[in-house]
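[1] model this:
(2 chains)
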2 protein chains.
Amino acid sequence: MSLLFKNLRVHQVFGANTDVGKTLLTTALVRASSYVAEEVYYLKPVSTGPLEAADDEYVKRFAGPHAAKVHGKCLFRFAEPVSPHLAARLSAGVGKQNEVPTDNHFINSVANHVRNCAKSSSGLQHLYIETAGGVHSPTLSGTTQLEAYRPLFLPTILIGDSRLGGISATISSYESLALRGYIVDAILLFRDGYYRNSEYLRSYFADKKVHVADIDAPPEKHIDPETNLYLTDDYYQKIVPPSQDGEVFNLIAHLDDCHHRRLEELESMPRRTLDTIWWPFVQHSHFTAEKDVTVIDSASSDVFSTYNGRTPSSSTADSLLEHQFDGSASWWTQALGHAHPSLALAAARAAGRYGHVMFPQAIHLPALKLAERLIHTGPGRGWASRAFFSDDGSTGMEVAIKMALRAFAVRSSGGLETRTKHRELGVLGLKGSYHGDTIGAMDACEEGVYTSEWHEAKGFWFEPPIVSIRKGRTVITLPQSIAADMHAEDPSLEAESFAWAYDVEKRLDTPLAETYRSFITRSLRRLNNQFKYTIAALVLEPIVMGAGGMLFVDPLFQRILVDVVRSIPDPHPREGTSGWSGIPVIFDEVFVGFYRLGVQSTIPLLGVCPDISVHAKVLTGGLLPLSVTLASESIFRAFYSDKKVDALLHGHSYTAYPVGCEVANETLEIIDGLRSSDSWREARLRWVDSSQETVDDSQAGNNTPWSFWDREFVNILSNLDAVKEVMSLGTVLSIKIADAGSGYQSHSAQNILAGVKQAIDHGMDSQMPGGAPFGINYRTLGDVAYFMLSLNTPPGITRVVEQRILDTLSSSN
Amino acid sequence: MSLLFKNLRVHQVFGANTDVGKTLLTTALVRASSYVAEEVYYLKPVSTGPLEAADDEYVKRFAGPHAAKVHGKCLFRFAEPVSPHLAARLSAGVGKQNEVPTDNHFINSVANHVRNCAKSSSGLQHLYIETAGGVHSPTLSGTTQLEAYRPLFLPTILIGDSRLGGISATISSYESLALRGYIVDAILLFRDGYYRNSEYLRSYFADKKVHVADIDAPPEKHIDPETNLYLTDDYYQKIVPPSQDGEVFNLIAHLDDCHHRRLEELESMPRRTLDTIWWPFVQHSHFTAEKDVTVIDSASSDVFSTYNGRTPSSSTADSLLEHQFDGSASWWTQALGHAHPSLALAAARAAGRYGHVMFPQAIHLPALKLAERLIHTGPGRGWASRAFFSDDGSTGMEVAIKMALRAFAVRSSGGLETRTKHRELGVLGLKGSYHGDTIGAMDACEEGVYTSEWHEAKGFWFEPPIVSIRKGRTVITLPQSIAADMHAEDPSLEAESFAWAYDVEKRLDTPLAETYRSFITRSLRRLNNQFKYTIAALVLEPIVMGAGGMLFVDPLFQRILVDVVRSIPDPHPREGTSGWSGIPVIFDEVFVGFYRLGVQSTIPLLGVCPDISVHAKVLTGGLLPLSVTLASESIFRAFYSDKKVDALLHGHSYTAYPVGCEVANETLEIIDGLRSSDSWREARLRWVDSSQETVDDSQAGNNTPWSFWDREFVNILSNLDAVKEVMSLGTVLSIKIADAGSGYQSHSAQNILAGVKQAIDHGMDSQMPGGAPFGINYRTLGDVAYFMLSLNTPPGITRVVEQRILDTLSSSN
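    Now for the predicted structure:
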């Protein structure tokens, strides 16, 4: 995880290729640093080639008059002059080195060394970490270097290539670094009067505001070692003169300046934020101090690197960056970890091929492939025929509502030609629903704290029965209205098992199903007689209502609700117009879709298909906004006539923008790969009841409920005194705190769990790349705290997060 | 512009570095192709180094038994073995070659050669275009190769580097190609048993579905030329055997397959689109044939490459891709040309550093910088204090409306504590307004064809006076209501000059101003007495109402409207609560902002600041969706209390996503550079009246109206019989067709201008890179046709577009 210290300025040195003078130029930097810094460190994590000519020795040898300040080190040495991944394999099994180090072990070793440097002095220090070969040369495990080092997020010096072809190598290497978000503080290369690469590159990078420095090339190697030594000494004296003049010292000053400006920028960001930003959902009066602002410097995998420079630090040895596990998946968007390189590349690819292109009457491959994928093998499989694109879950829901209202208006009046524009149409839903913040989407929900001056609750909302785990048992809690119907004293019914609660088909014949059916039917009949609105659509968040408080709705209730509204007879039955009956059903799968709950879509869990569904969030892997509204053919036909004005006249400027579609395609492709991974299989197996048949690997995405959170952990959690009940499906863990005030303004969950935010050191064997201490960032909804994983969170990290939640909640007992 | 032929399969060959065996491996490809294709072409556009050893000679020499089929050519030859940009400079002035060819000349020459190849045979042909050096090596003009060749968008073979460091060079080069959207059909490199790069790369690229092929390395060069020749011959015989076995032939089959699959895909896309896509704003019954679907294969600068393979082509010599100038700027989003490489890199950079990170209570650099830029030097300068992020213009407007309603509710009830949730609030606006398609944004507009079942027009809309150019004269056309007030027989008043119409300060003292003032005041008084809604905000698209029909509203009317609503006395005047008076004013600058009209913001044109403004479209350079709502401090304070529920409880999952913010920052940076460009200065000068003071360069963004369209052209256009009136500001040209039926369903503009869509050949000197014929894609709003440029459209192209519009409209007379 990324490292930044006040007094220790660290730069990693990448090469545009092998043999471009990386060690030589780093030596010059080290030598110049020794004039101005108290201590200078040189680290070559991996060294290949003759052991007697190790790079750290070379650097020390030519470090100049202040060589005593210079400390060099190699962490992994291999004699074979080949790529590190081959060298590591060749030497595996020989001596102590009998296994190829993992990326985690490798990067933790580097990070550990950096932290030790920071501890060793309180004065000004410089550290240069020289990588091996080019930017994408494989490291020990075979991962390319700029991927392997990425968790440390160190500022970078790129050594350019001054030879023929070197312009290309330098620019391409820069672009590869940029694709991983690296800060490139400088490009450094030899001056060459013939190829003049540095001249070209200086002008090329001026636009990009990247500093380019060039240094005289070294003398040719002399065959006599003594003379060679003398010539080399002389060369270093010339380019790093005691007068402290020249390009190398200028560069040192520039690097120091970059370091200080970065610190100043981080330091100033909270104040500037408080002065200009209007946050969503935040009461600014509650957050007026600089410490209230979380400055996110970078992110990778499931971790934010945040600036904590304002907390008084006991020593300069502490990193100014702190690490937080993104426990809310950044508002439920993350699924593959932050800054996934394949998604960055996908975004770049579509940006480079299309930019954005107009969509009406047009098509491009990313949009077409995404539409086909969603309809043919995705959540629209078997029922949807059309994909309509928009920008976010809220706009996707507005589109869905427009579709449903029109479809109802057409059907209820006997056809498109005869429909009248009907304003008194309303929707049916559940209390606790949330479909986004635009005013139309809000009007499909009850009035609440979120609603604006223009809000009008256009519909009726049932109070839903809820599934949860209490003291290890799966229970269904009925709302008072239904419990009264059953003459039940205790509104909580125990489910046969966790899996049984989600086996809707089996439960359709139970007395509870009958109770639900008659309750809903009776309520609708009453509504029909006295309601301001004509009910025109059923709008559901299937399985879980997220924003409403992570309410896991009894799937049986939602299933029967769909069944009942579909049994409403068609007022104008006509030949050939079938496809749906009753009123259109909308599934808002924005939060629950794409394996957030362990299943691709909630359809198999409920056992019914919607007429319209809305998809966003995970759809684009947590990188950028995009939404798709899927519709059945009969919904589409409600807009199909010979008149333009009957069309769905809705669109946004960037509708179906290629970058969004390409990133979505890449995301779904990556998820397809994960589905058959070992960690998914193992997680699923832990949730199989012994009574169930064996889970078949091919069954990922079927209707068996499971979670990435450990079943035993969930049970233990549900037995804690501090916990009222818990629930988990897929990546979601929801914890309701016991004996707390409830509601949107409650802070009980926040208070009791505050401890997990604290950064804890998990040592060298930490599963977090770089091994630094980390805290857990989580969000609460009143008395509910929830935690979310990505679809590829390493199980080792999940276990650590689980243990920390347990520790915190146990200690509060 | 991009080229694709049925029978001619073209591949460009890029190198991961110089000296990786490009010519050698291309020779192998050529030789293998000669077994299977009727004709094989080899093109080396630029050749540097000894003329007697030219690459085309080499290829021909080793082309094997079917060498007669092989045709080689170099277009530009230089003896100096340095980068082409240096070679071109060194030889400039020598002999015929006395100028360095421009990128256009260079790429047109290449395209011309490709087209000639396509013409020369109707059988199966292969063409290989070998580039020089690495992917980013500079071409003659100094532009890097993958930029220079990008307009041709040819499928690519990347020759990988098999040497030490070559893994990195190959992956980086691939990423640079991907950043420009290139299709990489294969990576080809030498097999090397020691470094084993091909092994690593094959596994690395398997994930990315890129075909990697390796070929035995050639024998070492023998000092005896005769022996060397013999050995080389033998080598080619071995790797390209007459038996047509082995890796090279497999690769040829793969490349043929890629070509055919691309053709099949393009061919199938219209059908698949008609089967799955639900387009915005399109009546699908009007477009049911495959020819109705515009298949966009790629885009660059202002041009789409579209597939026209379904129009019966007279010969196989015609490219299957046609080119269309994007005359509607893809729904008004484009400003810097499609697929701008700096924007692609910016997107990649932020994706690589952050992905997306949660925004409430947090901050990251791209969002902070964008907020500061917009507030301190952008459209918020001088009045805005807060930036609120959302996803598109429509959501940005919903946020603006929520802000304004609350601010009014607080003010009208005397404070945040005493405000009541008030649903009967309405807005004031102009007829023809459009603020996006979400239901709340629609409710701020009149009922119309766009509105859905839930629409309720919550407000009152004035009919506005309109500015236009008729027969060379600038006129202001008053609506009937105001004309009656003036007792004017002719509702059209002639303006003193074009510049005068936009000199609002000067016009404030005119009788017309007095008429506007009294008309508005009287209307509002009438409204107060009898209106269902309490007017709570003024919502304007300043200067131009785009979707309403490119209505250029008289700025004096909008200015006076703002002045009048601001003079409404505060019902609850209190100390220290000032900042605004009357009702809040919202400027919807989504369409008009960021120099779309030649000015950064419309504020200087109107001479008043809003309380809230909304920005999108050009904000992100036409790449991806993002919106910012700016607000003054007093608006912000209307949500500031000690209660969470008083906060602006609105947000979207990807609020302030780093990729969007970074692309916006890059866009604004690039535009800042354009402002002082020669082409902007020259365009502005053409619109300066002799009576005006000289336009100062530093005045870009001031209140002088100007256009990228030539003033004389606009005048001539306005004098054509077919034209009723025209109007132009900045990048926008609007043409109202004479004597046509009007309204949203009118097709008159479409019919009369249909001719400009036709592809016309502008020859070798075409300003369009690649010199291919191009048509002009434009959109109409009923009887209005409009054309839009980017902020960096080369003036030469603008002149061609102007001429074609004139030609088409003149011939319709």
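[2] three-state assignment of the closest residue to residue A:430 other than its chain neighbours?
    The shortest distance from residue A:430 to any non-neighbouring residue, by Cβ to Cβ, 6 or more residues apart in numbering or on different chains, is to residue A:464 (4.6 Å). C-beta here means a position set from N, CA and C on the backbone, and glycine is covered the same way. What DSSP: H, G, I helix; E, B strand; the rest coil gives for residue A:464 is coil.
[3] What degree of burial does residue A:464 show, as a neighbour count?
    Per other Cβ atoms under 10 Å in any protein chain shown, the neighbour tally for residue A:464 reads 25.
[4] for residue A:490, same thing?
    10.
[5] same check, this time on the one 4 residues further on
    Counted by other Cβ under 10 Å, the residues lying close to residue A:494 total 11.
[6] who touches it in this structure?
    Contact analysis of residue A:494 by Cβ atoms under 8 Å, 6 or more residues apart in numbering or on different chains lists A:473-476.
[7] My understanding was that the residue nearest to residue A:430 contacts residue A:551; is that so?
    Yes - the pair residue A:464 / residue A:551 is scored as a contact, 6.9 Å apart, by Cβ atoms under 8 Å.
[8] which residues are common contacts for those two?
    Contact with both residue A:464 and residue A:551 is made by residues A:432, A:545, according to Cβ under 8 Å, 6+ apart.
[9] what's the spacing between stretch A:255-265 and its chain's center?
    Average the C-alpha atoms of stretch A:255-265, do the same for its chain, and the two points are 28 Å apart (Cα atoms, centre = their mean, to the nearest Å).
[10] Could you list the residues in contact with that stretch?
    A:4, A:6, A:9, A:11, A:36, A:155, A:157, A:183, A:185-186, A:309, A:320, B:365.
[11] ditto for stretch A:27-37
    Taking Cβ under 8 Å, 6+ apart as the rule, stretch A:27-37 contacts A:9, A:11, A:13, A:40, A:42, A:58-59, A:62-67, A:69-70, A:123-126, A:128, A:157, A:215, A:236, A:239-240, A:242, A:244, A:248-249, A:251-252, A:256.
[12] Check the gap between the residue nearest to residue A:430 and residue A:332 for me.
    Residue A:464 sits at a distance of 20 Å from residue A:332 (criterion: Cβ to Cβ, to the nearest Å).
[13] what's near enough to touch the closest residue to residue A:150 other than its chain neighbours?
    Distances taken as Cβ to Cβ, 6+ apart put residue A:180 closest to residue A:150, at 5.3 Å, once the chain neighbours are dropped. Shown in contact with residue A:180 (Cβ under 8 Å, 6+ apart): A:146-147, A:150, A:339, A:341, A:344, B:352-353.
[14] got the contact list for whatever residue of the stretch 651-800 of chain A ends up closest to chain B?
    Distances between the stretch 651-800 of chain A and chain B by Cβ to the nearest Cβ are smallest at residue A:651, namely 2.8 Å. By Cβ under 8 Å, 6+ apart, the residues touching residue A:651 are A:359-360, A:390, B:280-281, B:331, B:437.
[15] cool, residue A:788 as well?
    Taking Cβ under 8 Å, 6+ apart as the contact definition, residue A:788 lies against A:327-329, A:332, A:334, A:596, A:731-733.
[16] Run through these and flag the ones next to chain B.
    A:328, A:332, A:334 (Cβ under 8 Å from any Cβ of the partner chain).
[17] count of neighbours near the first one?
    Spelled out, that is residue A:328. Residue A:328 has 19 nearby residues by other Cβ under 10 Å.
[18] Once you drop chain neighbours, what's closest to it?
    residue A:779 (4.1 Å).
[19] Could you double-check that that neighbour lies in contact with residue A:786?
    Yes - judged on Cβ under 8 Å, residue A:779 makes contact with residue A:786 at a distance of 6.8 Å.
[20] got any residues that touch both of those two?
    Common neighbours of residue A:779 and residue A:786 (Cβ under 8 Å, 6+ apart) are residue A:328.
[21] the more surrounded of these two?
    With neighbours defined as other Cβ under 10 Å, residue A:779 and residue A:786 compare such that residue A:786 has more, 24 against 19.
[22] Just to be sure, the more buried one is in a helix?
    No - using three-state DSSP, the assignment for residue A:786 is strand, not a helix.
[23] Which positions in the stretch 101-250 of chain A make contact with chain B?
    Near chain B, when you scan the stretch 101-250 of chain A using Cβ under 8 Å from any Cβ, you find A:133-138, A:142, A:144-145, A:153, A:164-165, A:167-173, A:175-176, A:178-182, A:194-196, A:200, A:204, A:207.
[24] Now list the buried members of these.
    Neighbour-count burial (16 or more other Cβ atoms under 10 Å in any protein chain shown) applied to those gives A:133-138, A:142, A:144-145, A:153, A:164-165, A:167-173, A:175-176, A:178-182, A:195-196, A:200, A:204.
[25] hang on, the earlier thing: could you dump the contacts of residue A:494 into JSON lines with secondary structure added?
    As requested, these are exported to JSON lines (three-state DSSP):
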{"residue": "A:473", "secondary structure": "strand"}
{"residue": "A:474", "secondary structure": "strand"}
{"residue": "A:475", "secondary structure": "strand"}
{"residue": "A:476", "secondary structure": "strand"}
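[26] out of these, which one sits closest to residue A:608?
    In terms of Cβ to Cβ, no member of the contacts of residue A:494 lies closer to residue A:608 than residue A:476, at 19.3 Å.
[27] That closest one is in contact with residue A:495, isn't it?
    Yes - taking Cβ under 8 Å as the definition, residue A:476 is a contact partner of residue A:495 at 5.9 Å.
[28] shared neighbours of these two, anything?
    Joint contacts of residue A:476 and residue A:495 (Cβ under 8 Å, 6+ apart) are A:467, A:501.
[29] Now do the phi/psi pair for residue A:461.
    Backbone torsions of residue A:461, given as degrees, to the nearest 10, read phi -130, psi 120.
[30] Low-confidence ranges, chain A, go.
    A:52, A:92-98, A:310-315, A:417-423, A:570-580, A:690-702, A:739-747, A:763-765, A:812-813 (pLDDT under 70).
[31] Longest helix of it, counting residues only.
    Longest helix in chain A, counting residues (DSSP state H): helix A:247-276.
[32] Can you show me the helices along the stretch 51-200 of chain A?
    Assignment of helices within the stretch 51-200 of chain A using DSSP state H, counting those that start in this stretch yields the ranges A:55-61, A:84-91, A:103-120, A:145-148, A:166-179, A:197-206.
[33] Distance to residue B:486 added to those, as a markdown table?
    Output for the helices of the stretch 51-200 of chain A, formatted as a markdown table (distance: least, Cβ to Cβ, whole Å):
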| stretch | distance to residue B:486 |
| --- | --- |
| helix A:55-61 | 86 |
| helix A:84-91 | 83 |
| helix A:103-120 | 77 |
| helix A:145-148 | 70 |
| helix A:166-179 | 61 |
| helix A:197-206 | 58 |
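[34] highest average neighbour count across the ones you listed?
    helix A:166-179 (a mean of 29; mean count of other Cβ atoms under 10 Å in any protein chain shown).
[35] does residue A:703 count as helix, strand or coil?
    coil.
[36] Enumerate every residue touching it.
    A:502-504, A:599, A:604-605, A:607.
[37] In helices, which of these appear?
    Judged by DSSP H, helices contain the following of those: A:504, A:604-605.
[38] most surrounded residue in these?
    residue A:605 (24 neighbours).
[39] tell me the contacts of that one?
    Residue A:605 neighbours (Cβ under 8 Å, 6+ apart): A:502, A:504, A:542-543, A:555, A:597, A:599, A:703, A:705.
[40] Kindly indicate which of the residues you listed lies nearest residue B:798.
    Taking these together and measuring to residue B:798 by Cβ to Cβ, the closest member is residue A:542, at 52.8 Å.
[41] what's the burial count for that closest one?
    26.
[42] Next, work out how far apart it and chain B are.
    Separation of residue A:542 from chain B (Cβ to the nearest Cβ, to the nearest Å): 18 Å.
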